[in-house]
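Undergrad: Only the shape, not the letters, is given here:
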C-alpha cells in the first residue's frame, strides 16, 4: 500500500465522516456531559473492529484499539461543545436553541476527522498485516482543559509511542511548539451578612474582597511577563444589594508560555487574594482545580506533519461555500480580517478557502489545551486546517456556524487525510519513529509533573 491508497481509504469512509460531523453537531454537549458523543464514537469504532477500553472513573473517556505490536500510535479525538454557543450553519447569528451549547470550537469536526484517520489506518493495518497498533482516544472535557490530564493520570495513555492531534482554525499550519500553559483556580471569600442600610458596619463583605482582589490583580499585570494572560469571572450567588454578602468568589485562568511562569504568577495572585481578605476581614479558600502544560517542541513530528499537509489532497470549495465564507467575514471587524491577511501575507500564506492553497509551518497559538500534557509524555504533532475564513476565531458563533456547514466539513476531511498520511509514514518507516523518540528523550530540560499531582 502506498500513500495514495490510504487516501483512497479515507475517501471511502466519507459517509461515516459526514454522519459523524452532522450527528455530533446536532448533539452538542459541554465538558463532562458528552454521553451521546462518546457513545456514538464508541459504537462506530466497535462496528469497525476496534476493542473499546473505558474508564470507570471517567464515564465519557475511552480509547479504541486495533492491531498489535509497535509502534503504538495515538490519534486524539475531542467532542465537547461550549455553553451558550448554539448556532445554525448560517452567515448570521441564529441559535438552534436559545442559550444552548454549540460547537464554537469545531470539536464535532475535530473528533470526526480523528475518527476517520484512525479507521483508514486500521484498514491499512488489516490489509498489509504489518506490525503496529492504532488507538483512537475519545477525550472529553478539553474545553475544561482537564480531560487528557486526568486520562494520563489514570494510565490510559500507557504504552503509546506517538500521538497525532489537530484543530480547526482559519489556516493550514503545522505547529512545532505552541499553546500556553494554564491553571484554573477559584477563590472563595467568606464574610458576614448585615443589613446594607440599617447596620452595614456589622457586616464583612465577601464581594468587597473579590473586587479588591481583582483590582490588585489588574495592577499586577504590569509586573508579569508580557506573554502572560490573566482573566477571571465572578459570582455572588445573586445576593441582593440590601444584604452585605457573606459569600463571593472569583474564577481565574492564568496562562503563560511555560508552566514554571504560570506557577510563579499563581503564587503572586494568591498573595493578592490573601491581602484582599485581610483588608476586608474576610477569609479566603483557594482551590486549584486543574491545569495544563504548554506543547513540548517536537521538530521531527512537525516535519512529518508538514510534509503530509502538502501531500494530502486539498479540498475543493464550491462557489456557494466561498460565498458563505465571505458573508461570515462581513460579520467581523474589517480591521481584524485585514490584520490577519497581512500577518499571513508576511508568512507567504494564502487562505485555502478564499485564496491559494498553501501552508504555514511555524506558528504559536496563544490558546491553551490539555493536549500539551500529552506532548510531555510522548512525541506529538499537532496541526490546524482551515475550517472557517480568515479572521474567525474559535469560541464564536461564526466558528460554530462553519462547524455545522460543508465549509467546515471539507476542511476537516482534509485533516483526516493528513492524519492518515502521518500514521502511514510512522507505520512504514521505523526511522521516523526512532528519530522522534530520540529527540523527545534528549529534550528533557523540563520535568513534567501533572498539576493534579502538584497540588495534592
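TA: Everything's here; your move. Fair warning: this is a prediction, and the values are worked out from it, not measured in the lab.
Undergrad: Would you map the helices across the stretch 201-350 of the chain?
TA: Residue ranges of the helices in the stretch 201-350 of the chain, as given by DSSP state H, counting those that start in this stretch, are 206-220, 259-280, 299-311, 319-329, 334-346.
Undergrad: among the ones you listed, which is nearest residue 293?
TA: Among those, helix 259-280 comes nearest to residue 293, with 5.2 Å by C-beta to C-beta. Every residue, glycine included, has its C-beta placed from N, CA and C.
Undergrad: That closest one vs helix 206-220, what angle?
TA: Helix 259-280 and helix 206-220 meet at an angle of 140 degrees, taking axes from the mean of the first three to the mean of the last three C-alpha atoms, to 10 degrees as the criterion.
Undergrad: And helix 259-280, what does it pack against?
TA: Secondary-structure packing of helix 259-280 (3 or more C-beta pairs under 8 Å, 6 or more residues apart in numbering; DSSP states H and E): strand 181-190, helix 206-220, strand 247-256, strand 283-292.
Undergrad: Name the residues of that helix that are buried.
TA: With burial defined by 16 or more other C-beta atoms under 10 Å, the residues of helix 259-280 counted as buried are 259, 261-263, 265-266, 269-270, 272-273, 276-277, 280.
Undergrad: go on, stretch 234-253?
TA: By 16+ other C-beta under 10 Å, the buried positions in stretch 234-253 come out as 239, 244, 245, 246, 247, 248, 249, 250, 251, 252, 253.
Undergrad: right, and the fourth one touches residue 196 too?
TA: Going back to what we said before, that points to residue 246. No - counting by C-beta atoms under 8 Å, residue 246 sits too far from residue 196 to count as a contact (12.0 Å).
Undergrad: Phi, psi for residue 38 please.
TA: Backbone torsions for residue 38, taken as degrees, to the nearest 10, come to phi -60, psi -40.
Undergrad: quick one: it and residue 57, what's the gap?
TA: As judged by C-beta to C-beta, to the nearest Å, residue 38 and residue 57 stand 14 Å apart.
Undergrad: ok, the two, which is more surrounded?
TA: residue 38 (24 against 11; other C-beta atoms under 10 Å).
Undergrad: hang on, the more buried one packs against residue 79?
TA: Yes - contact criterion C-beta under 8 Å: residue 38 and residue 79 qualify, at 7.0 Å.
Undergrad: Spell out which residues are contacts of both of the two.
TA: 138, 140 (C-beta atoms under 8 Å, 6 or more residues apart in numbering).
Undergrad: and the next element down the chain from the helix-or-strand element of the chain with minimal mean pLDDT?
TA: Sorting the helices and strands of the chain by mean pLDDT, DSSP states H and E puts helix 334-346 at the bottom, at a mean of 70. Where DSSP states H and E defines the elements, the next helix or strand beyond helix 334-346 is helix 371-375.
Undergrad: From the chain's centroid, how far away is that following helix?
TA: With C-alpha atoms, centre = their mean, to the nearest Å as the basis, helix 371-375 stands 10 Å off its chain's centre.
Undergrad: ok, now stretch 83-92?
TA: Distance, centroid of stretch 83-92 to centroid of chain: 19 Å (C-alpha atoms, centre = their mean).
Undergrad: Next: stretch 30-43.
TA: Worked out by C-alpha atoms, centre = their mean, stretch 30-43 lies 16 Å from the chain centre.
Undergrad: So residue 421 versus residue 1, what's the distance?
TA: When residue 421 is compared with residue 1 (using C-beta to C-beta), they lie 12 Å apart.
Undergrad: So these two - more neighbours on which side?
TA: Taking other C-beta under 10 Å, residue 421 and residue 1 do not tie; residue 421 has more neighbours (26 against 16).
Undergrad: Now do the SS call for that one.
TA: Under DSSP: H, G, I helix; E, B strand; the rest coil, residue 421 falls in the helix class.
Undergrad: That one touches residue 308, doesn't it?
TA: Yes - look at residue 421 against residue 308 with C-beta under 8 Å: they come within range, at 3.9 Å.
Undergrad: so how many other residues sit close to residue 366?
TA: Other residues near residue 366 number 11, with proximity taken as other C-beta under 10 Å.
Undergrad: Next one: it from residue 392, what distance?
TA: Residue 366 sits 16 Å away from residue 392, going by C-beta to C-beta.
Undergrad: ditto for residue 278
TA: For residue 278, the distance to residue 392 equals 45 Å [C-beta to C-beta].
Undergrad: and what of residue 137?
TA: 27 Å.
Undergrad: same check, this time on residue 33
TA: Separation of residue 33 from residue 392 (C-beta to C-beta): 26 Å.
Undergrad: same deal with residue 339?
TA: Using C-beta to C-beta, residue 339 is found at 13 Å from residue 392.
Undergrad: Who has more neighbours out of these two?
TA: Using other C-beta under 10 Å, the more surrounded residue of residue 339 and residue 392 is residue 392, with 25 against 13.
Undergrad: Name the nearest residue to the more buried one, ignoring sequence neighbours.
TA: residue 398 (4.5 Å; C-beta to C-beta, 6 or more residues apart in numbering).
Undergrad: wait, isn't that neighbour in contact with residue 387?
TA: No - in this structure, residue 398 is not within contact of residue 387 by C-beta under 8 Å, at 11.2 Å.
Undergrad: The two: which has the busier surroundings?
TA: Shown here are residue 398 and residue 387; by other C-beta under 10 Å, residue 387 has more neighbours (30 against 23).
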